[in-house]
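**Student:** Attaching a predicted model along with its sequence, questions to come.
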Amino acid sequence: MPETADLLIKNGMVATETAVFPASIAIKGGKIAAIGDAAEMPPAAEEIDAAGLFVLPGVIDVHVHFREPGMDHKEDWETGTRAAAMGGVTTVFEMPNTSPPVSTAERYRQKRAIADAKAVVDYGLYGVMSEDNLAELAPMAEAGVIGFKLFLGNTTGNLPCPSDGAVLEGFEIVSHLGKRVSIHAENSPILFWREDRLQAAGRNTAMDHLLARTDVVAVEAMVRSCLFAEWTGARIHIVHESTARSLPYLEFFKSRGVDMTVETLPQYLTLAVEDMDGPLGNIMRMNPPIRERWQQGPLREALAKGTIDMISTDHAPHAPEEKVGNRIWDIACGFPGLQSQLPLMLSLVNQGLMPLTRYVQISSANPARAFGLYGRKGVIQPGADADLVLVDMARRETLSADKLVSKGKITPYEGMTVSAWPVATLVRGRPVMRDGEILANPGWGEEVVQQMPPAAPRNVETQLGYLCGASPAPAGDPS
Ligand code: NCD
Ligand code: ZN
């Protein structure tokens, strides 16, 4: 008889990115020890009966904002990761637009100390790439950031958008570090120009927010980012893809072999600017904006078929009073998403948008691959971390602000019905949520272990670090 396992999840339907099959999962030391027929499993100290439930790899969300340090009236590391646990999310990558922003290795270490003490799920931390911190990119990579965040468009925190010169040099540097740059792709000069013009003309409605940041604002910044990535060999990730008009360009740059991944968000697939006339309109203000309803179809299709690689939340909580105001321009951008991604997306699965296997791919396997976690996370296989979510695929629930554990208790999904619900979340074998109750103590969450493939810089003989003597002679592909 094999040795005793710590925990056995039995009678569930296991869903991977290739198959859905009945199986039991034995867990030992926080890792998956065995998968198979219940009769073949070792004895276990504890058991969870998953009869009638699906067992998926835990969601990996590469785009969340937890606001601590500096804005913890909006969210903190404990409330943010509790929201993750409630939503079936076992790993989060947190953005650097806190106060102060994570722009140095020292600030990264300071935030890591906070996260380490408070998180109930696993995490990675981004460092920011900005005009004045290019010399800090390598030290931040060395210290352990999961990747870099580049704000090309202005948003919460008002981090100034770097010039194209600084961005290209930033990409040159990152091309040697191998880490991925996650890009908020909106053209800042255009959006500021248009906001000023619209405000001066007295236009203050929710629709005007969309018109300030109309599609070309996003498409141009995305195309520019892809060009710079192709030239330098920097790895990139396009965050919150919001427009169907990007899709042909994404396909073009992918076909050219650019090392890029793309995410979209449930809000672009389920909400529309037409809804912004209603009572929840202001809450929907976010960047890039929620667009016309016709865009949902092509974006959904692109996510199902592969032009878009993954689903994230852009969990962007604000205090409820920051989400009200007379003019759209006065309303904070963003809203919570960690508790609604899985129910909303699995409702689309139930409606036939994509098979459950593809959902596993876009919510867990692909994020793990893009950021060098795959194998340890993002997969149900022996040896992997036992990061799992148990889902009732037939449970109807109504989304509402009073169910949110985030501090941002306000949601544009108020009253929306979903047809699937996470009932338990396990991080490294330990239940952190069961039946809507948080079980883990702050500090259970750990920083993830990342292993990116070797860097592949290009056009190194043209790079400023080399030409200006700060870095050694070129060693990459001299294409
Ligand atoms: C985000 C936030 O509030 O930090 N807001 C948003 O509207 N998406 C920032 C961001 O992801 O751009
Ligand atoms: Zn953004």
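**Tutor:** That came through, no problem. Residues are numbered from 1 along each chain as shown. Ligands and ions are numbered 1, 2, ... in the order given.

**Student:** tell me which residues in the biggest helix by length in the chain are buried?
**Tutor:** Counting by DSSP state H, the longest helix found in the chain is helix 215-232. Neighbour-count burial for helix 215-232 flags 215, 217-226, 228-232 (criterion: 16 or more other C-beta atoms under 10 Å). Glycine gets a C-beta too; all of them are placed from N, C-alpha and C.

**Student:** Can you tell me which of these is nearest residue 395?
**Tutor:** When the buried residues of helix 215-232 are compared for distance to residue 395 (C-beta to C-beta), residue 218 wins out at 35.3 Å.

**Student:** My guess is that closest one contacts residue 243. True?
**Tutor:** Yes - assessed by C-beta atoms under 8 Å, residue 218 is found in contact with residue 243 at 5.4 Å.

**Student:** Please identify every residue contacting each of those two.
**Tutor:** residue 288 (C-beta atoms under 8 Å, 6 or more residues apart in numbering).

**Student:** Now do stretch 458-465: distance from first to last residue.
**Tutor:** Counting by C-alpha to C-alpha, to the nearest Å, you get 13 Å between the two ends of stretch 458-465.

**Student:** Next: stretch 371-383.
**Tutor:** Where stretch 371-383 begins and where it ends lie 19 Å apart, using C-alpha to C-alpha.

**Student:** Could you pull up the mean pLDDT of it?
**Tutor:** The pLDDT scores in stretch 371-383 average 98.

**Student:** which outside residues touch it?
**Tutor:** By C-beta under 8 Å, 6+ apart, stretch 371-383 touches 14, 16-17, 25, 31-35, 55-58, 60, 62, 90-91, 93, 122, 124, 146-147, 180, 364-369, 384-385, 387-388, 448-453.

**Student:** Name the residues of that stretch that are buried.
**Tutor:** So stretch 371-383, judged by 16+ other C-beta under 10 Å, has buried residues 371, 372, 373, 374, 376, 377, 378, 379, 380.

**Student:** do the same with stretch 393-402
**Tutor:** 393, 395, 399, 401.

**Student:** Determine how far the last residue of it lies from the first.
**Tutor:** 22 Å.

**Student:** how about residue 290, secondary structure?
**Tutor:** At residue 290, secondary structure determined by DSSP: H, G, I helix; E, B strand; the rest coil is coil.

**Student:** Please look at it and residue 270 and confirm they touch.
**Tutor:** No - with contact defined as C-beta under 8 Å, residue 290 does not reach residue 270; the gap is 9.3 Å.

**Student:** Any idea how far the strand ranked longest in the chain is from the middle of the chain?
**Tutor:** Using DSSP state E to define each element, the chain has its longest strand at strand 5-15. Centre-to-centre, strand 5-15 and its host chain are 27 Å apart (C-alpha atoms, centre = their mean, to the nearest Å).

**Student:** Buried residues in the next helix or strand after that strand, which are they?
**Tutor:** Next along the chain after strand 5-15, taking DSSP states H and E as the criterion, comes strand 20-28. By neighbour count on 16+ other C-beta under 10 Å, the buried set for strand 20-28 is 20, 23, 24, 25, 26, 27, 28.

**Student:** Show the subsequent helix or strand relative to strand 20-28.
**Tutor:** Sequence order places strand 31-36 as the next helix or strand after strand 20-28, per DSSP H and E.

**Student:** Show me what that next one packs onto, helices and strands only.
**Tutor:** In terms of contacts (3 or more C-beta pairs under 8 Å, 6 or more residues apart in numbering; DSSP states H and E), strand 31-36 is packed against strand 5-15, strand 20-28.

**Student:** so which of those strands gets nearest ligand 1?
**Tutor:** Nearest of the helices and strands packed on strand 31-36 to ligand 1, taken as C-beta to the nearest ligand atom: strand 5-15 at 29.0 Å.

**Student:** and the closest one, C-alpha only, in PDB?
**Tutor:** Taking C-alpha atoms only, strand 5-15 is exported to PDB below (Å, rounded to 0.1, in the frame of the first residue of the first chain):
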ATOM      1  CA  ALA A   5      -1.700  11.100   1.600                       C
ATOM      2  CA  ASP A   6      -2.600  14.300   3.500                       C
ATOM      3  CA  LEU A   7      -5.900  14.900   1.500                       C
ATOM      4  CA  LEU A   8      -8.000  13.000  -1.000                       C
ATOM      5  CA  ILE A   9     -10.400  14.800  -3.300                       C
ATOM      6  CA  LYS A  10     -12.700  12.000  -4.500                       C
ATOM      7  CA  ASN A  11     -15.500  11.500  -6.900                       C
ATOM      8  CA  GLY A  12     -15.000  14.700  -8.800                       C
ATOM      9  CA  MET A  13     -14.700  15.400 -12.600                       C
ATOM     10  CA  VAL A  14     -11.200  16.500 -13.200                       C
ATOM     11  CA  ALA A  15     -10.800  19.200 -16.000                       C
END
